[in-house]
Every structure is written in structure tokens, then in C-alpha cells.
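Engineer: Just to be clear, the model below is a prediction. Sequence and coordinates:
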Amino acid sequence: MRRYFSLLARPATYSRWLHLLIPAAAISVWLFISMSEPWMPLLFAVPVGLLPAMRLAEGVQAQLLLTPEQRGRPDAAISAAPATTWAARWRTVVWLQLRLVLAAVTCTATVWLPATAVDLVGGSFGRRPSDNWLARGVEPGWWCAPLALVPILILLGLVVLCGEVVTAAARRLLGPSPTERMTALEERTEQLLERNRIARELHDSIGHALTVAVVQAGAARAAGNPDFTARALAAIEETGRHALDDLERVLGVLRESDVPVSGRPTLAEADRLLESARGSGAKLDVEMSGPLETVPGPVSREGYRILQESLTNVLRHAGAVPVRVRIAVVKERLELEVANPLPGAPHGPAGGSGLRGIRERAALLGGRARTGPHEGEWRVHASLPLERIR
């Protein structure tokens with residue numbers, strides 16, 4: 001009973017009732033033309049429902065009046081799109097015919113039940129009620145007044161029941177097909193992957209630049225040497241300039257979906273990262289081997305970001321310490337390793353967004369990345385396949 005009254009208090013219950021009454025206008029127009037063939041609107045619904053645009057019109061109206069809380073949402077249970085298959089068109093035909101039948105029922109109830117209630121109220125004043133099945137056999141008297149509540153309660157029950165029925169039918173007949181649901185899910189997945197990629201780009205490029213700037217500024221303040229301060233400011237300026245370039249690339253991707261990714265930095269520009277780390281006090285031992293120029297673009301770009309995040313973590317958590325960097329092309333794989341002595345304080349949580357981003361980048365290319373302590377060092381090791389990308 002409580003649920004029943006809560007449904008009566010919902011605005012959507014009455015907007016659904018309005019949705020049920022709208023087709024009554026078409027039915028009344030036809031009955032004005034011909035009373036002898038009331039079934040003709042059902043026949044007209046067949047060619048009308050086969051029009052692709054009719055599914056769009058019915059979907060928009062159903063979203064607005066039946067499920068207003070889902071209006072405009074991409075995951076709405078009722079789709080607002082033209083029919084693209086014959087199956088969707090025939091479902092629209094069934095929907096139109098069901099809607100006409102429910103409209104006839106609800107329109108009749110909306111007129112007849114309140115009229116019966118008024119008739120019973122008149123019976124309480126001594127007027128004999130009309131001969132319909134609800135008032136049949138009722139003698140005039142004061143008891144007709146409480147009986148007048150019966151048609152009203154029946155009407156309210158029909159309001160709730162028919163609203164639930166038409167909404168369930170709309171979800172079934174106007175909702176997206178399994179193929180459409182799968183397509184929408186794939187599009188949503190692509191959007192999430194793109195958002196994650198952009199988040200990693202911003203984290204790696206801007207995070208690296210800010211880390212270098214903080215380290216350089218702190219070292220310059222502690223040194224108190226004008227020459228060292230000038231070099232630190234120059235390094236901060238250079239790193240900031242490159243970070244702005246990276247930020248502009250990412251913003252370009254956000255503004256235009258067809259912006260190519262070829263402008264992103266690759267391992268050919270690794271010297272820039274290494275010099276930035278050296279300028280921040282890190283003592284680098286670098287070894288590069290193999291034909292790095294043959295590394296495919298996607299692998300080279302992701303390798304650059306993995307190297308950038310690894311060096312950023314060293315500067316952030318360990319400071320000016322010896323760092324071993326190994327980049328090699330071995331047996332159709334790019335092997336990248338960055339290792340440094342473990343600091344006295346913890347290096348950072350293994351589940352940090354930067355380390356997680358390194359593992360995600362490797363996994364997207366079909367490779368793997370391991371991060372964590374190893375033989376007294378903190379090591380980041382990524383192995384990226386080349387043959388899958390070529």
C-alpha cells in the first residue's frame with residue numbers, strides 16, 4: 001500500500017498517463033470520420049511505423065514522458081534514434097498498435113469512471129444512479145457518497161498500472177537492440193580508453209616538468225651559487241617550454257578528434273629527458289643498443305613516456321642518486337630498464353597512478369612492465385613487442 005501511494009506521488013505517473021492519452025486524438029479523429037470501422041487506426045499504424053523517423057519521434061516522446069529521469073542519457077533504456085534495421089521498424093509497428101489499444105482503454109476509463117463517481121454523488125441526494133455495472137442496483141441514499149470513491153480508486157489504480165505497463169513495453173519495443181547495446185558499449189569503451197590515455201599523457205609530461213622544476217629550484221636555493229642558480233633557471237625554462245608543447249598536443253587531441261598522434265615525442269628525443277635529469281642532479285649511466293630507429297612509432301612513443309615517468313619517480317622519491325638506464329632492441333622487443341638505489345624512505349606505493357600508467361602503457365602494446373624493489377634497487381623494467389605493431 002505504501003508503494004502504491006508513493007507511485008501516486010511521482011510526477012512521472014501522470015506524465016505517463018498523458019502519454020497514454022495522446023493517441024486518443026488520432027482515434028477520435030477517425031471515429032468522427034467513420035464509427036463503423038474503429039479498427040482502422042491499427043491498420044494505419046503499420047505503414048507509419050515502418051518509417052525510420054517514426055521510431056525517433058516515438059523514442060523522444062517516450063523518454064520525455066515515460067522515463068524523464070533518463071532523458072538525453074546515452075545509456076537510456078529507451079533509445080531516441082531512427083530505425084536502422086527492419087527488426088527495429090517492426091518493433092515500432094507493434095509499439096504503435098499497443099499504444100493505440102492502451103489509449104482506447106485509458107481514454108474510456110478517464111471519461112467513464114469520473115462520470116460514474118459524479119452519478120453516485122448525485123444518488124446521495126436522492127437522484128437514481130444511471131444503469132451501469134458499477135452503479136447497477138444501487139438505491140439512492142447517503143451511502144452513495146462513500147461508494148463514489150470506488151470509481152476514483154479504480155481510476156487511480158489504472159493510472160499506475162497502465163503507466164507501468166506502457167513503460168515496460170517501451171523499454172522492450174523502443175529500447176536498443178543487443179547489437180545497438182554492444183555498439184554503444186564499444187563506443188563508451190573507446191572513449192574511456194582515450195580519456196585514460198590523455199590522463200597518462202598529462203600525468204607524465206606535466207608531472208615530469210613540475211618535478212624537475214621543484215628539484216632544480218630547491219637545489220638552487222640550497223646551493224646559494226649564482227652560476228648554479230642561473231643553470232637551474234635555464235633548465236626550468238627549457239623543461240617548462242617542452243611541457244607546454246606537450247600540453248598543447250594533448251589539448252589539440254581534445255579539441256579535434258582527428259589530430260594525428262605522430263607529433264608526440266619518441267625515444268629519438270630521449271636525450272632531452274636524460275639531460276633534464278642530469279641537470280636536476282641525477283648521475284646517469286646510460287646504455288643504448290640495437291637499431292632504435294627501426295622501433296615502430298607507437299612503441300617508441302610509449303617507451304618515451306615510460307622512460308619519462310621512471311626518471312620523474314627517481315627525482316621525486318630518491319633525489320640526486322646514481323641511475324642506470326638501459327634501452328635496447330633485442331629479438332623483436334624493446335627492453336627498457338631504469339634502476340636506482342633504494343632510498344631510505346619508501347619509494348612510493350606500488351599502486352600509484354604513475355606506476356599504474358607504466359603498466360597500462362605496456363599492456364596496451366601487448367607487453368609487460370614490472371616495477372618495484374629488486375636486489376637492493378628500485379627497478380622499472382618494460383618489455384614491449386615490436387612484431388605486433390609492424
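Structural biologist: Nice, I can see it. Residues are numbered from 1 along each chain as shown.

Engineer: Starting from the helix or strand where Gly372 lies, tell me which strands it pairs with and how they run.
Structural biologist: If you go by DSSP states H and E, Gly372 is part of strand 368-374. Sheet pairing of strand 368-374 (DSSP bridges) gives strand 377-385 (antiparallel).

Engineer: Of all the residues in the strand holding Gly372, which ones are buried?
Structural biologist: 369, 371 (16 or more other C-beta atoms under 10 Å). For every residue, glycine as well, the C-beta is placed using N, CA and C.

Engineer: how would you label Glu37: helix, strand or coil?
Structural biologist: Here Glu37 is recorded as coil under DSSP: H, G, I helix; E, B strand; the rest coil.

Engineer: The nearest residue to Leu50 once chain neighbours are set aside: what's it in contact with?
Structural biologist: Spatial nearest neighbour of Leu50, excluding adjacent residues (C-beta to C-beta, 6 or more residues apart in numbering): Arg89 at 4.8 Å. Neighbouring residues of Arg89 by C-beta atoms under 8 Å, 6 or more residues apart in numbering: 49-52, 55, 83.

Engineer: need these in TSV with pLDDT, can you?
Structural biologist: Output for the contacts of Arg89, formatted as TSV (pLDDT from 0 to 100):
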residue	pLDDT
Gly49	87
Leu50	90
Leu51	90
Pro52	89
Arg55	90
Ala83	85
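
Engineer: now the helices for the stretch 201-350 of the chain?
Structural biologist: Under the criterion DSSP state H, counting those that start in this stretch, the stretch 201-350 of the chain contains helices at 226-255, 270-279, 297-317.

Engineer: Those helices: which one's closest to Met40?
Structural biologist: helix 226-255 (54.4 Å; C-beta to C-beta).

Engineer: packing partners for that closest one?
Structural biologist: If you count contacts as 3 or more C-beta pairs under 8 Å, 6 or more residues apart in numbering; DSSP states H and E, helix 226-255 packs onto helix 178-223, helix 270-279.

Engineer: Could you tell me the least trusted of the ones you listed?
Structural biologist: Ranked by mean pLDDT, the helices and strands packed on helix 226-255 end with helix 178-223 at the bottom, a mean of 71.

Engineer: can you tell me how far Gly49 sits from Thr84?
Structural biologist: 15 Å (C-beta to C-beta, to the nearest Å).

Engineer: Who has more neighbours out of those two?
Structural biologist: Taking neighbours as other C-beta atoms under 10 Å, Gly49 and Thr84 compare with Gly49 leading, 20 against 13.

Engineer: excluding its backbone neighbours, what's nearest the more buried one?
Structural biologist: Val93 (3.4 Å).

Engineer: Doesn't the one you found belong to a helix?
Structural biologist: Yes: according to three-state DSSP, Val93 belongs to a helix.

Engineer: Give the burial count for it, as a bare number.
Structural biologist: 19.

Engineer: now swap in the one 10 residues further on and tell me
Structural biologist: Other residues within reach of Ala103 by the criterion other C-beta under 10 Å amount to 23.

Engineer: And for it, nearest residue in space, chain neighbours not counted?
Structural biologist: That would be Pro23: by C-beta to C-beta, 6+ apart, it lies 3.8 Å from Ala103.

Engineer: on that earlier part again, now do the strand holding Gly372: distance to the chain's middle.
Structural biologist: 32 Å (C-alpha atoms, centre = their mean, to the nearest Å).

Engineer: Residues contacting it, please?
Structural biologist: Applying C-beta under 8 Å, 6+ apart, the set of residues contacting strand 368-374 is 306, 339, 342, 347, 350, 355, 358-359, 361-363, 378-383.

Engineer: Filter the residues you listed down to the buried ones, PyMOL style.
Structural biologist: Buried residues among the contacts of strand 368-374 (16+ other C-beta under 10 Å), as a PyMOL selection:
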select buried, resi 306+339+342+347+355+358+359+361+362+378+379+380+381+382+383
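
Engineer: Point out where this structure drops to low pLDDT.
Structural biologist: 1-5, 31, 34-36, 129-137, 178-194, 201, 249-263, 343-353, 388-390 (pLDDT under 70).

Engineer: What separation do you get for Pro38 and Leu174?
Structural biologist: The spacing between Pro38 and Leu174, counted by C-beta to C-beta, is 25 Å.

Engineer: before we move on, back to that, do I have it right that the residue nearest to Ala103 meets Val105?
Structural biologist: No: at 11.1 Å, Pro23 does not count as touching Val105 under the criterion of C-beta atoms under 8 Å.
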